[in-house]
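next input, structure requested:
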Amino acid sequence: MLPTREEAEQLLREAERCNPGPWGNHSRVTAQCAERIAKECGGLDSDKAYILGLLHDIGRKFGVRHLGHVSDGYSYMMSLGYDEAAKICLTHSFNNQTTDVYIGKFDTTGEELKMIRDALKTVVMDDYDKLVQLCDSIAGADGVLDIEERMDDVRRRYGFYPQEKWDKNLQLKKYFEKKTGKDIYSVVGKGGQ
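Below you'll find the model as predicted:
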């Protein structure tokens, strides 16, 4: 189940009041990219893609956390009955379905980490998960970024970027370029295209 577009936008505004920061605009850019790509793909609902993109980082509502924002978002969306949004909160950070190449601090409790790992073992990723992972990797707070520039930025901030994750992000870009038959940057309007 998902909130409506308007409800999702309200959830994000409320979350930003609790923890202001660039993550809110990053979420909006992710949502806009997901919506545009979904419109170009057969079989994807662009409204659903927008909502999922908008809520992927909603766990940031609860403060500055790294891995903790995943469990916070997942638990928060489940508490509201939004299981599809909860799934995206979980999967957006793990394009290979494991915490092994997570970039950032493991700032979860043992219980939270177990929940994340257990859920990742059983979740079945679909094109919405893949789409939000791609859009998360090209969305900056001020607009669309080149995927490799964004990954380089993350590498500079955290000191590393696992090659496996880097390669998977590039595979996701190619996957959606094949599905749309277009360059992803032209689909999302990067550089005024």
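
where does the protein dip in pLDDT?
191-193 (pLDDT under 70).

what ranges do the strands span in it?
Along the chain, counting by DSSP state E, strands occupy 139-140, 143-144.

export those strands as TSV, with columns for distance to Val29 and mean neighbour count.
Every residue, glycine included, has its C-beta placed from N, CA and C. TSV is the format used below for the strands of the chain (distance: least, C-beta to C-beta, whole Å; neighbours: other C-beta atoms under 10 Å):
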stretch	distance to Val29	mean neighbour count
strand 139-140	4	22
strand 143-144	6	18
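
distance to Val124 added to those, as CSV?
Output for those, formatted as CSV (distance: least, C-beta to C-beta, whole Å):
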stretch, distance to Val124
strand 139-140, 24
strand 143-144, 29
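
closest to Asp100 out of those strands?
The minimum distance between Asp100 and the strands of the chain falls on strand 139-140, with 23.9 Å, by C-beta to C-beta.

show me what the closest one is packed up against.
Applying 3 or more C-beta pairs under 8 Å, 6 or more residues apart in numbering; DSSP states H and E, we find strand 139-140 packed against helix 23-40.

in the helix it packs on, what counts as buried?
Neighbour-count burial for helix 23-40 flags 23-38, 40 (criterion: 16 or more other C-beta atoms under 10 Å).

do the same with stretch 169-179
For stretch 169-179, a neighbour-count test (16+ other C-beta under 10 Å) marks Asn169, Leu172, Lys173, Phe176, Glu177, Lys179 as buried.

most widely separated two among those?
Greatest spatial distance in the buried residues of stretch 169-179: Asn169 and Lys179, 15.8 Å, computed using C-beta to C-beta.

ok, and what's touching stretch 73-86?
1-3, 8, 48, 51-52, 55-62, 87, 89-90, 115-116, 119, 128 (C-beta atoms under 8 Å, 6 or more residues apart in numbering).

how does it look with 7 Å?
Stretch 73-86 has contacts (C-beta atoms under 7 Å, 6 or more residues apart in numbering) with Met1, Leu2, Pro3, Leu52, Leu55, Asp57, Ile58, Gly59, Lys61, Cys89, Leu90.
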